[in-house]
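**Q** From the sequence below, what's the structure:
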Amino acid sequence: LRDYLAIEQVRFSDRLTIEEEIEERTLTSSVPPLTLRPIAENAIKHGIEPKSEPSLLRSVARLTKDETVELIVEDDGVGFVEANESSGFGIGMQSVRDRLENVYPRESSLTVSHLEEGGTAVRIEIPKEEKGES
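**A** Residues are numbered from 1 along each chain as shown. So this is what the prediction gives:
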């Protein structure tokens, strides 16, 4: 994710601010490949790119009280129309949802929400597994 965001930072220059809030104790957690990048790509493409003003993309990784890993990608872009059951998700978001369900059957969640102050937040919760665990 950091490599992708570094490229986007060069592309957008002063129009994009990237913030990270990563708890150190999450750094040993296993996260399935290609979980966060499609979410960040959506934030850039659908939220930040259409906006002419400077924008913020923030990523968060922390442990919850019940020791699950919470991953959040949020932007202050143009926002989105809330997805409902009939409209579903785009290919990228659906592939993330499918990947999480395959790796953590009934133990993960993915929610997309509109932020009151504008923009979108995608929140994922997964069980805490150390890298290398099966």
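**Q** any idea which helix or strand comes after the helix or strand harbouring residue 112?
**A** Secondary structure assignment for residue 112, by DSSP states H and E: strand 109-114. Next along the chain after strand 109-114, taking DSSP H and E as the criterion, comes strand 120-127.
**Q** Also compute the angle for that following strand relative to strand 109-114, please.
**A** For the pair strand 120-127 and strand 109-114, the angle between their directions (axes from the mean of the first three to the mean of the last three Cα atoms, to 10 degrees) equals 170 degrees.
**Q** got a list of contacts for strand 120-127?
**A** Strand 120-127 is contacted from outside by 31, 35, 39, 42-43, 46-47, 64, 68-75, 77, 79-80, 93, 96, 100, 103-104, 107-115, using Cβ atoms under 8 Å, 6 or more residues apart in numbering. Quick note: C-beta positions are derived from backbone N, CA and C, even for glycine.
**Q** Now, of these, which are buried?
**A** Neighbour-count burial within the contacts of strand 120-127 applies to 31, 35, 39, 42-43, 46-47, 68-75, 77, 79, 93, 96, 100, 103-104, 108, 110, 112; the criterion is 16 or more other Cβ atoms under 10 Å.
**Q** So which of the residues you listed belong to helices?
**A** Secondary structure assignment (DSSP state H) places 39, 42, 93, 96, 100, 103 from the buried ones among the contacts of strand 120-127 within helices.
**Q** So in terms of bridging, what pairs with residue 58?
**A** Judged by DSSP bridges, the bridge partners of residue 58 are residue 19, residue 74.
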